[in-house]
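> here are the coordinates; sequence isn't available:
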DNA sequence: CGGGTTCTTGACTAGTTTCAAGCAAAGTGG
DNA sequence: CCACTTTGCTTGAAACTAGTCAAGAACCCG
């Protein structure tokens, strides 16, 4: 599943971690970095469409995303798919398998991905030696809970238009937080089908909703490039509260 | 909001914690207990309907539920409500406010509740002194993530009947895990309105679905007492997988 | 006994899904 | 380099699920 070796950047020491450039991410002290460097066992690359983790397997690798987008999802046995959330640089993947016995969801790459690989069975050492980073993991879990809660509210109580408005702003803000959005514009590396599966709507209805919002000059989504035309109105429609996604520490 | 002092059981030492009786909960060692006892600053009681935590406040108390049910929810500004999940004995309340600056959801009691109160600002000490319990907190977060993920799948992709079947089995199994369910029977301490708000459905449609399932001899829900009449069929309808909720450690 | 919940049911409406079909763009293979 | 296929986007129409409105029954509480 990993891509060919050609053209890969070399793995870097944690002191040169590419995540450091993002202001929204918390800074690490030298002690943390030194320990982390020992905890890191390498890097992994995945191509778009590659399964990174799969539901039902005990596969317990633990990653931090250095670059690229992925999505976390679950399937019903008749094939219905629900996207749980989107994964961007700085996010942790696989903590569940590291603590529980097996994965309860799957993860698939949306773009070429570069991941930092940690040694899962040393997670426990990690907690003993570096309580500050253990605390950061708790922090990341809380942040992710906030996002999941918001998604539950969306799927349970927001209408189609509200869902689209909310999710687009959410994605834009998160992408902007890790330098992946230009002014009022994000590249969304997925199809409308996947977007529909994240909104809990059918593809057809999602498309019609997007077209209508396009007609209303709220957004412009062409060729995977999405532009926020009227942010204020979108926030109103989607009951969006920017407070939702605080900046994050990372591991 | 706390109830009167009369008829309250006395606060107990952690070695006598009532949660110990539940086999599904992990056992704690003597070191853990000794530290916890110092971390615990008392107990709190709430009556049904009492707000335990409120969205938007920095109120950062940290509780473990010793007895009683509650629910976690969010509101849209026009009043639409979505229940995020149900809270039962052994669950942690308020971790989010302990790590983030403010709450992003609210919690309200459904039954009389008895809570163990921890000193929030010592959470960090906690991580330093007792990595094994810090690890347990991570474990609890993962478990709760599994439940939230399943809820997202439910709200996004399950039909009304599937939702009811799934949620009832989920509640039954969790309640049974902490000794709150008799054979095929649970007391559900809430109205159909709240149940509807957990399912992401309207009250009327929820009621009609329940009546139909009653007619089909799948369940019997009378006066807040719910009986599982045909578990096998409910599992099939709700695409329910008991694997979803593993036993838990507690703090 | 009145007033307030909660549950229940019927009739109607609206939002969303399903079905179907066309089109454009990108990839495939001879 | 050009059919041919595949994938993703778009649109209209029909079917259906779930929501809204309304009203009555049962129950509890003061």
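Yes, it's here. No experiment lies behind these values; they were computed from the predicted model shown. Residues are numbered from 1 along each chain as shown, chains lettered A, B, ... in the order given.
> Ignoring the adjacent residues along the chain, who's closest to residue A:43?
residue A:11 (4.4 Å; CB to CB, 6 or more residues apart in numbering or on different chains). Just so you know, the C-beta spots here come from the backbone N, C-alpha and C atoms, and that holds for glycine as well.
> For burial, what's the neighbour tally of that neighbour?
15 (other CB atoms under 10 Å in any protein chain shown).
> now do residue A:238
Number of residues near residue A:238 (other CB under 10 Å) recorded here: 21.
> Just the pLDDT for it.
In this prediction, residue A:238 carries a pLDDT score of 97.
> now residue A:181
90.
> check contacts around it.
A:172, A:175 (CB atoms under 8 Å, 6 or more residues apart in numbering or on different chains).
> Any residue of stretch A:155-170 touching DNA strand C?
Yes - Stretch A:155-170 lies within reach of DNA strand C by CB under 7 Å from any atom of the strand, at A:159, A:160, A:161.
> List the buried residues of that stretch.
Using 16 or more other CB atoms under 10 Å in any protein chain shown as the test for burial, stretch A:155-170 gives A:155-158, A:160-170.
> quick one: which of these sit in strands?
Taking DSSP state E, every one of the buried residues of stretch A:155-170 sits outside strands.
> Just these: which are in helices?
Among the buried residues of stretch A:155-170, the members falling in helices (DSSP state H) are A:155-157, A:160-170.
> out of the buried residues of stretch A:155-170, which one sits closest to residue B:84?
Residue B:84 has its nearest neighbour among the buried residues of stretch A:155-170 in residue A:156, at 8.9 Å by CB to CB.
> Nearest spatial neighbour of that closest one, chain-adjacent residues omitted?
residue B:200 (3.1 Å).
> From residue B:163, how far off is that neighbour?
Using CB to CB, to the nearest Å, residue B:200 is found at 7 Å from residue B:163.
> go on, residue A:168?
26 Å.
> next one: residue A:149
Separation of residue A:149 from residue B:163 (CB to CB): 18 Å.
> ditto for residue A:36
43 Å.
> what's the answer for residue A:64, then?
For residue A:64, the distance to residue B:163 equals 35 Å [CB to CB].
> same question, residue A:226
Distance, residue A:226 to residue B:163, using CB to CB: 31 Å.
> quick one on the thing from earlier: any chance of the ones in helices among the buried residues of stretch A:155-170 in CSV, plus pLDDT and distance to DNA strand D?
As requested, those are exported to CSV (pLDDT from 0 to 100; distance: CB to the nearest atom of the strand, whole Å):
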residue, pLDDT, distance to DNA strand D
A:155, 98, 11
A:156, 98, 9
A:157, 98, 9
A:160, 98, 12
A:161, 98, 14
A:162, 98, 12
A:163, 98, 14
A:164, 98, 12
A:165, 98, 16
A:166, 98, 18
A:167, 98, 15
A:168, 98, 14
A:169, 97, 19
A:170, 97, 19
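> which among the residues you listed gets closest to residue A:221?
Taking CB to CB as the measure, residue A:221 sits nearest to residue A:168 out of those, at 8.2 Å.
> Centre-most residue in chain A?
Nearest residue to the geometric centre of chain A (CA atoms, centre = their mean): residue A:87, 1.3 Å.
> Settle this for me: that one is touching residue A:64, isn't it.
No - with contact defined as CB atoms under 8 Å, residue A:87 and residue A:64 do not form a contacting pair (10.5 Å).
> Common neighbours of the two, please.
residue A:93.
> Show me which residues of the stretch 101-250 of chain A sit near DNA strand D.
Residues of the stretch 101-250 of chain A found near DNA strand D (CB under 7 Å from any atom of the strand) are A:191, A:192, A:193, A:203, A:204, A:207, A:208, A:210, A:211, A:224.
> again, 6 Å this time
The stretch 101-250 of chain A has residues A:191, A:192, A:193, A:203, A:204, A:207, A:208, A:210, A:211 near DNA strand D, with proximity defined as CB under 6 Å from any atom of the strand.
> Give me the subset of the residues you listed that also touch DNA strand C.
Among those, DNA strand C is touched by residue A:204 when using CB under 6 Å from any atom of the strand.
> how about the closest residue to residue A:251 other than its chain neighbours, what does it touch?
Nearest in space to residue A:251, with sequence neighbours left out and distances taken as CB to CB, 6+ apart, is residue A:64 at 5.5 Å. Residues counted as contacts of residue A:64 (CB under 8 Å, 6+ apart) are A:19, A:90, A:91, A:92, A:93, A:115, A:116, A:118, A:250, A:251.
> Can you say which of those residues are buried?
For the contacts of residue A:64, buried by 16+ other CB under 10 Å: A:19, A:90, A:91, A:92, A:93, A:115, A:116, A:118, A:250, A:251.
> quick one: contacts for the closest residue to residue A:101 other than its chain neighbours?
Among residues not flanking residue A:101 along the chain, residue A:58 sits closest, at 6.0 Å (CB to CB, 6+ apart). Contact analysis of residue A:58 by CB under 8 Å, 6+ apart lists A:97, A:101, A:102, A:103.
> Good, wrapping up.
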